[in-house]
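*Asks:* Quick one: sequence and predicted model below, then my questions.
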Amino acid sequence: MKTLILTEKPSVARDFATALGPGSKNASDGFIETNDYVITWAIGHLLTPFDPEDYDAKFKKWSLATLPILPEKFKFKPHIKTKKQLDIIKRILKRSDIEKIIVATDAGREGELIARLILEDARSKLKAYRFWTSAALTREVIHSELLKIRPLKDYDRLYIAGSARQKADWLVGMNLSRLATIKLNDLFSIGRVQTAVLSLLVERRKEIDHFIPMDYFEYKAKFKFQRGELSAYWFNPLKKAEDKRLDKRDFFDELKKALHLKKAFVNVLNETEKTSYPQGLFSLTELQRQANIQFGFSASKTLEIAQTLYEKYKCLSYPRTDSKVMATSSFDMVSDLVNKFKKLYPEHFLKFSSAKVSLKNKTVFDDSRLTDHHGLIPLKDFSGDEQSPEGKIYHMVLKRFISNFLENHRYLETDVQIECEDNQFKARGKKIIEIGFKILEGSEQDDLLPPLSLGEEGIHQSAEVESKKTKPPFEYTEASLLYDMTNPARLVEESDLKKIFRSEIGLGTQATRAQIIETLLKRNYIKRSGKNLMAIEKGILLVDQLSGLPSTKSLTSVSQTAKLELSLTSMAEGESDDLEFLNQVQSFIKSATLEWTKSAGLERDLSKPKSYGGKTYGPKVQATPTHFGPCPLCQAEIKNFPKSFSCSRWKEGCGFTIWKVVAKKKLSESAITELMTKKKTGLIRGFKSKTGKPFEACLYMNKDGKVEFEFNSK
């Protein structure tokens with residue numbers, strides 16, 4: 001009698017076959033057979049939930065009358081492209097010489113779901129066990145973990161949580177996508193995580209569009225001491241944030257005159273030795289972020305390249321991982337790889353630390369931080385062009401791997417404070433003691449201060465008053481969006497949710513984040529502009545409409561995503577019930593259906609073709625003429641929109657806009673008239689900063705038609 005082993009992908013099946021041979025190899029038939037084992041594989045999910053029309057033909061037409069769609073029992077059907085492999089697995093399960101099955105899909109919620117759906121579809125009655133490890137599948141690991149297999153039922157809670165996640169996503173996606181499409185008269189796709197990510201981009205777009213720059217000033221002084229000169233900035237020791245800034249420059253202009261050639265003293269001199277440590281191995285998202293920063297690669301392109309290095313060149317480990325560590329059982333393999341690459345790339349090992357090739361190196365070896373797969377590592381040398389896309393990604397992974405076995409980076413940080421006529425100035429210097437692993441980055445440099453002693457006397461030699469402007473938030477790049485998707489703790493306010501997001505929970509998974517971004521692009525919710533990702537009209541419209549109704553507002557909330565993930569984690573640990581969870585999801589769907597059905601919706605602009613994935617023009621805004629004269633940029637008519645006075649040629653690209661509310665102050669008609677005719681208003685009181693601090697200022701229109709603050713000197 002033989003044992004059937006079910007893996008999640010063909011490469012893992014080959015690892016098992018190599019470890020468990022000898023025997024015949026029938027990989028081309030969808031399985032590998034040895035003397036004692038039959039090893040087969042899924043190709044991700046082989047079964048997918050029914051579409052609505054699979055339950056009832058009436059659901060084929062999208063209509064409010066058939067919503068909500070709430071199946072009493074979820075049903076599944078084979079993926080067309082992988083049905084052949086599913087049939088192979090089902091035939092093997094019915095073989096008379098198979099006495100038991102060992103599930104060896106990925107060690108996580110999704111891997112459990114993949115296997116259970118196959119076994120349920122096949123109605124398997126075999127004794128079932130679970131192989132569970134995230135370590136690299138060496139011969140030793142496979143044999144060791146096969147001795148530790150546990151009954152499959154021990155992992156039922158994980159399957160229940162995975163199934164609940166799948167059903168919740170189906171209910172939200174199928175019902176809300178239909179509701180939005182019908183009521184907004186255009187094709188809309190809504191997903192639990194996808195929509196939360198879209199809301200981040202929409203919020204950033206609005207912050208940038210509504211931002212008005214404010215002037216501020218900093219004072220940079222040059223001091224001369226016995227053994228050299230240094231530059232230091234004036235600061236207010238009573239302030240914690242933005243302590244170098246002043247809104248008006250008159251104080252600094254007077255200070256520049258008053259301090260010229262005055263005596264100064266070093267009143268604080270702190271030298272601190274600091275250490276930077278290697279960052280661990282690459283996870284997929286971190287690799288995608290760095291590839292976007294260094295090479296401009298999209299997340300999907302980086303994943304595609306990494307997959308090629310894994311499948312075609314076999315020089316990279318499995319890329320879809322969120323771990324940055326290895327299992328302790330992988331120590332011998334890692335040690336061999338270090339020795340191999342030390343011979344191939346001696347120039348990368350100039351700062352090698354043999355002491356770090358040890359299980360004490362928790363940056364690399366830590367079983368407690370392992371998830372479904374271990375961190376990304378190079379498995380052998382890449383023979384292709386180093387400057388090719390594949391070469392660039394491979395060598396990023398190689399250097400990150402090697403960096404964890406190099407010396408730590410150590411440097412001396414010097415903080416200096418200087419007093420001159422009761423005014424305080426500060427400067428910071430850096431001296432590298434040991435370059436360590438940062439030698440592979442090539443960007444670290446000394447920032448030296450002259451030798452100083454506490455109490456030393458010097459002279460305020462000269463100064464410069466620097467005129468600056470506040471800057472709007474940066475546009476999202478794929479790198480910064482991936483960072484917020486992976487580390488969303490700063491995006492939520494509740495302390496308990498911050499704790500959730502500081503664990504392994506983020507928006508999406510390593511395997512889905514690139515696809516989420518590509519879906520938003522495909523749906524024309526966002527666009528690429530160089531390296532930047534920007535929300536556009538259709539995406540903004542969707543988020544605005546969802547946010548405007550009490551029930552669906554939660555879909556645009558990062559906090560709500562955190563709460564749902566917490567519920568699923570609790571469910572996997574046996575602390576909560578899936579039926580209660582799904583009842584809550586169904587109640588949400590019913591409330592959303594009722595609210596959206598009663599909402600006004602949008603009339604379609606009949607002069608425009610209905611969009612199904614193409615460009616969408618959104619609601620037709622009824623704008624009225626104004627008496628403010630022509631647009632200063634293109635001479636077209638200025639029109640009165642609900643929130644602004646804007647150029648009537650906005651669809652053709654003219655961006656001239658005067659917002660009706662600026663810094664929480666509603667502008668009077670006379671102020672807008674002054675801006676249009678004189679390019680500047682008189683002093684306006686009642687503005688409020690982001691922190692709620694009131695201030696007064698004039699508004700002026702610059703040569704590009706942008707409205708900015710101007711602060712009068714007193």
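*Replies:* Great, that's in hand.
*Asks:* Quick check: closest non-adjacent residue to Gly458.
*Replies:* Of all residues not flanking Gly458 in the chain, Phe225 sits nearest, at 3.9 Å (CB to CB, 6 or more residues apart in numbering). Using the backbone N, CA and C atoms, a C-beta is placed for each residue, glycine as well.
*Asks:* Kindly report the same for Tyr55.
*Replies:* Among residues not flanking Tyr55 along the chain, Pro71 sits closest, at 5.9 Å (CB to CB, 6+ apart).
*Asks:* try Asn423
*Replies:* Asn423 sits nearest to Trp234 (CB to CB, 6+ apart), 6.1 Å away.
*Asks:* List the contacts of the one you found.
*Replies:* By CB atoms under 8 Å, 6 or more residues apart in numbering, the residues touching Trp234 are Glu218, Tyr219, Lys220, Ala221, Lys244, Phe252, Leu255, Asn423, Gln424, Phe425.
*Asks:* worst-scoring helix or strand of this structure, pLDDT-wise?
*Replies:* Ranked by mean pLDDT, DSSP states H and E, the weakest helix or strand in the chain is helix 495-501, scoring a mean of 58.
*Asks:* any idea which element the residue nearest in space to the middle of the chain lies in?
*Replies:* Centroid-nearest residue in the chain, with CA atoms, centre = their mean: Leu482, separated by 2.1 Å. Applying DSSP states H and E as the criterion places Leu482 in helix 478-486.
*Asks:* Now do the buried residues in the lengthiest helix in the chain.
*Replies:* Longest helix in the chain, counting residues (DSSP state H): helix 156-184. Buried residues in helix 156-184, defined by neighbour count with 16 or more other CB atoms under 10 Å: 157-184.
*Asks:* what's whatever helix or strand comes next after that helix packed up against?
*Replies:* Next along the chain after helix 156-184, taking DSSP H and E as the criterion, comes helix 192-209. On a contact count with 3 or more CB pairs under 8 Å, 6 or more residues apart in numbering; DSSP states H and E, helix 192-209 meets helix 156-184, strand 476-477, helix 478-486, helix 513-522, strand 532-535, helix 537-547, helix 558-572.
*Asks:* need those in JSON lines with distance to Arg150 and mean pLDDT, can you?
*Replies:* Listed next are those as JSON lines, based on distance: least, CB to CB, whole Å; pLDDT from 0 to 100:
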{"stretch": "helix 156-184", "distance to Arg150": "12", "mean pLDDT": "95"}
{"stretch": "strand 476-477", "distance to Arg150": "44", "mean pLDDT": "96"}
{"stretch": "helix 478-486", "distance to Arg150": "31", "mean pLDDT": "91"}
{"stretch": "helix 513-522", "distance to Arg150": "31", "mean pLDDT": "94"}
{"stretch": "strand 532-535", "distance to Arg150": "44", "mean pLDDT": "96"}
{"stretch": "helix 537-547", "distance to Arg150": "43", "mean pLDDT": "95"}
{"stretch": "helix 558-572", "distance to Arg150": "16", "mean pLDDT": "81"}
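*Asks:* Quick one: closest of those to Ser354.
*Replies:* When the helices and strands packed on helix 192-209 are compared by CB to CB, helix 478-486 sits nearest Ser354, at 32.8 Å.
*Asks:* wouldn't Ile252 be in contact with Lys220 here?
*Replies:* In this structure residue 252 is Phe, not Ile. No. Taking contacts as CB atoms under 8 Å, Phe252 lies outside contact range of Lys220: 9.8 Å.
*Asks:* which neighbours do the two share?
*Replies:* Common neighbours of Phe252 and Lys220, counting by CB under 8 Å, 6+ apart, are Trp234, Val465.
*Asks:* if we can go back for a sec, tell me the secondary structure for the residue nearest to Asn423?
*Replies:* Using DSSP: H, G, I helix; E, B strand; the rest coil, the structure places Trp234 in strand.
*Asks:* Tell me which residues touch Glu478, please.
*Replies:* Applying CB under 8 Å, 6+ apart, one finds that Glu478 lies in contact with Gln288, Arg289, Asn292, Ser298, Ala299, Ile517, Lys531, Leu533.
*Asks:* Try it again at 7 Å.
*Replies:* Asn292, Ser298, Ala299, Ile517, Leu533 (CB atoms under 7 Å, 6 or more residues apart in numbering).
*Asks:* go on, Ile43?
*Replies:* So Ile43 contacts Lys9, Thr82, Gln85 (CB under 7 Å, 6+ apart).
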